[in-house]
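>>> Following is a predicted model, sequence given first.
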Amino acid sequence: MKKLKIALISPKGPLYRKKGGIFGRSLRYKPLTLPTLAALLPSEIDIKLTCIDEGIEDVDPNLDADLIGMTVITGCAPRSYELAAMFRRRNITVVLGGPHITLVPDEAQSHADAIVVGSAEEEWPRLVRDFVQGKLLSRYVQSPNLDLAGSPRPDRSVLPRRAYLTDDVFEATRGCVHDCDFCVVPATSGRRPFQRPVGEVFDDIISHGSKTAIFVDPNLIADRTYAMSLFKAITPLKIQWYGLATTLLCQDIPLLDACAASGCRGLLMGFESLSSKNLDQSRKGFNRPEEYETVVGRLHDRRIALQACFVFGMDEDDLGIFERTAKTVIDLKIDLPRFSIATPFPGTALFARLEREGRILTRNWEFYDGQHAVFRPKNMSPRELELGTESAWKHAYSLRGMARRMWHSAASWHVALVTNLGYRHYAHNLKRFYTCDLPAFTPNWSRFDDRSSVIASSELVQPSIRISSTAGSSR
Ligand code: B12
């Protein structure tokens with residue numbers, strides 16, 4: 001019987017339009033989505049599989065496939081729809097899935113022969129079997145009763161190892177218990193954290209022979225009991241690992257100690273804002289700005305480096321916020337600060353509120369990359385928000401700022417230097433990495449009329465961003 005030819009594609013995203021992404025391809029870790037989808041393919045069907053991460057290799061327009069599956073995050077949606085249209089014109093069946101499809105299924109439906117809403121563990125193998133039997137449905141929706149126990153380990157071999165810094169990438173849980181209004185996770189996964197049994201995570205790490213691990217879970221400590229048992233289980237492996245957690249970890253000393261003892265060397269935490277009012281409005285009031293210093297101190301005491309993420313443009317933010325935040329991250333000795341522009345992803349509570357208030361500037365999802373203003377902020381213009389964010393990056397990664405932060409870094413001297421230089425390069429080249437407005441990528445400028453008119457008219461107020469001069473002088 002003829003082999004079924006399936007291609008899985010991760011389309012180019014905001015950060016990876018240019019080959020090499022922000023740090024050059026060698027500093028990226030291997031994404032888990034395509035390896036997870038590959039492992040779920042039904043074993044009884046004879047399949048020839050091709051996997052393409054468009055961030056590292058081009059998609060051949062003449063790709064030979066019977067069925068193409070694409071994973072879509074919001075910033076990549078226009079590119080995904082463009083590819084889908086191209087393949088459908090060639091009578092290839094196209095299936096779309098991923099966070100954006102789950103957030104706005106009705107929009108996505110018209111761009112594909114079938115869509116998968118939610119996780120793929122049950123619905124993707126079912127879809128492939130239906131396709132083979134000529135019974136493809138237009139929509140497959142994951143039931144909320146998903147159980148990750150017994151799911152196959154991701155097949156990391158489907159993407160080339162050499163193209164990435166590491167493929168020691170793991171997923172223990174999916175979903176989060178919190179309900180932050182800007183986050184897509186409660187909208188895509190609900191508030192129940194789905195969990196792989198700890199033993200299966202352990203086996204995945206062992207069988208992959210990993211000495212380091214990156215956990216992509218949105219909040220590894222969402223369920224304390226699970227987190228504690230995971231930390232205890234992996235302690236004997238003596239690996240070094242990196243992941244995501246909330247600041248609540250630092251209020252729970254036994255859990256924090258167990259986390260450190262299990263080999264945690266770096267955590268990404270969403271600090272989001274220095275304003276409690278902003279945090280309360282975003283339903284992330286459990287973050288307490290007055291405790292940020294304690295959070296950093298407790299992590300550093302345990303040799304855990306911190307990548308703290310801040311967003312700008314929330315309703316309490318004024319023009320002084322960029323400078324205040326950039327100075328604070330230096331004073332707090334945050335190892336790797338990150339800044340982005342508040343982004344109301346469709347399907348989130350934040351999007352619904354801003355839409356009700358008539359503040360959404362564009363529905364061109366290409367701009368939904370965390371670095372473009374896609375809504376009208378309260379106390380500044382969209383252009384000021386974009387320039388201010390850039391200034392905060394430059395200030396935090398000025399040579400003086402880097403030196404002050406790195407002096408106290410929990411990471412090794414070498415790692416701190418390489419990562420800081422990487423982000424410094426990024427900070428000074430944001431325009432190159434976020435290129436929605438470059439004709440090279442978007443030849444049809446009129447597609448952006450809705451946003452560009454607002455941005456252009458607000459250009460006039462540019463000079464009022466005080467921090468730009470500070471940042472420039474300290475380079
Ligand atoms: C790892 C990660 C990254 C990595 C790698 C990205 C990658 N492509 O793998 C890096 C660090 C590079 C990254 C960068 C960014 N990311 Co990111 N990232 C994640 C993270 C933490 C985990 C993703 C993951 O691997 N999950 C494990 C896999 C197995 O799950 P999954 O991808 O959801 O796939 C499952 C289902 O969705 C479904 N599915 C997915 N695709 C498909 C396709 C088909 C055909 C089918 C049938 C099913 C299906 O099946 C899978 C198995 O059940 C998620 C948060 C999260 N935990 O989900 C954010 C997340 C995906 N990222 C997000 C964002 C915004 C970004 C950035 C724009 C951030 C920024 N400003 O820089 C950039 C853009 C990157 C780009 N492509 O240009 C958002 C997306 C929001 C949205 N509405 O689209 C998320 C959801 C975080 C968040 N809470 O907001 N990211």
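Yes, it's here. Residues are numbered from 1 along each chain as shown.
>>> who in the stretch 351-475 of the chain is up against the ligand?
By Cβ under 6 Å from any ligand atom, the residues of the stretch 351-475 of the chain that approach the ligand are Asp369, Gly370. Where you see a C-beta, it was placed from the backbone N, CA and C, and this is true even at glycine.
>>> of all of the stretch 351-475 of the chain, which residue lies closest to the ligand?
Of all residues in the stretch 351-475 of the chain, Gly370 sits closest to the ligand, at 2.9 Å by Cβ to the nearest ligand atom.
>>> Mind splitting this structure into its structural domains?
Split into domains by automatic domain parsing, the chain comes to 4-141, 156-473.
>>> Wait, the residue of the stretch 351-475 of the chain closest to the ligand touches Pro344, no?
No. Counting by Cβ atoms under 8 Å, Gly370 stays clear of Pro344, with 11.1 Å between them.
>>> low-scoring pLDDT stretches of the stretch 351-475 of the chain, where are they?
432-475 (pLDDT under 70).
>>> in it, which spans are helices?
Ranges of helices in the stretch 351-475 of the chain, per DSSP state H, counting those that start in this stretch, are 382-396, 399-407, 413-427, 430-433, 449-457, 467-473.
>>> Please apply the same query to the stretch 151-300 of the chain.
Going by DSSP H, counting those that start in this stretch, the stretch 151-300 of the chain shows helices at 185-189, 198-208, 224-234, 253-261, 276-281, 292-301.
>>> which outside residues touch the fifth one?
So the one you mean is helix 276-281. The contact list for helix 276-281 (Cβ atoms under 8 Å, 6 or more residues apart in numbering) reads Asp181, Glu272, Ser273, Gly285, Asn287, Arg288, Pro289, Met314, Asp315, Glu316, Asp317.
>>> Include neighbour count when you put those into JSON lines, please.
Below are these laid out as JSON lines (neighbours: other Cβ atoms under 10 Å):
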{"residue": "Asp181", "neighbour count": "17"}
{"residue": "Glu272", "neighbour count": "23"}
{"residue": "Ser273", "neighbour count": "24"}
{"residue": "Gly285", "neighbour count": "13"}
{"residue": "Asn287", "neighbour count": "23"}
{"residue": "Arg288", "neighbour count": "13"}
{"residue": "Pro289", "neighbour count": "16"}
{"residue": "Met314", "neighbour count": "21"}
{"residue": "Asp315", "neighbour count": "17"}
{"residue": "Glu316", "neighbour count": "16"}
{"residue": "Asp317", "neighbour count": "24"}
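>>> from those residues, which two are the most distant?
Longest distance between any two of these is 18.7 Å, between Arg288 and Asp315; criterion Cβ to Cβ.
>>> Spell out, range by range, the strands that occur in this protein.
With DSSP state E as the criterion, the chain has strands at 4-10, 47-53, 67-71, 93-97, 114-117, 139-141, 169-170, 173-174, 194-195, 212-215, 240-244, 264-272, 305-312, 336-341.
>>> residues near the residue nearest to Ala373 when sequence neighbours are not counted, how many?
In space, and not counting its chain neighbours, Ala373 is closest to Pro382: 3.5 Å by Cβ to Cβ, 6 or more residues apart in numbering. As a burial measure, Pro382 scores 23 neighbours (other Cβ atoms under 10 Å).
>>> of the strands of the chain, which approaches Tyr226 most closely?
Of all these, it is strand 194-195 that lies closest to Tyr226, at 5.4 Å by Cβ to Cβ.
>>> Partner strands of that closest one and their direction?
In the sheet, strand 194-195 lines up against strand 173-174 (antiparallel) (DSSP bridges).
>>> Return the distance of the partner strand from the chain's centre.
Distance of strand 173-174 from its chain centroid, counting by Cα atoms, centre = their mean, to the nearest Å, is 14 Å.
>>> For it, report the contacting residues that lie outside it.
Residues contacting strand 173-174 (Cβ under 8 Å, 6+ apart): 119, 148, 189, 193-196, 217-220, 222-223, 226.
>>> Tell me the buried residues in stretch 213-230?
Using 16 or more other Cβ atoms under 10 Å as the test for burial, stretch 213-230 gives 213-223, 226-230.
>>> what's the answer for stretch 151-158, then?
Of the residues in stretch 151-158, Ser151, Arg153, Pro154, Asp155, Arg156, Val158 count as buried by neighbour count, 16+ other Cβ under 10 Å.
>>> ok, of these, which one's closest to the ligand?
Among those, Pro154 lies closest to the ligand (Cβ to the nearest ligand atom), at 7.1 Å.
>>> quick one, what contacts Pro152?
Counting by Cβ under 8 Å, 6+ apart, Pro152 has contacts Ala39, Leu40.
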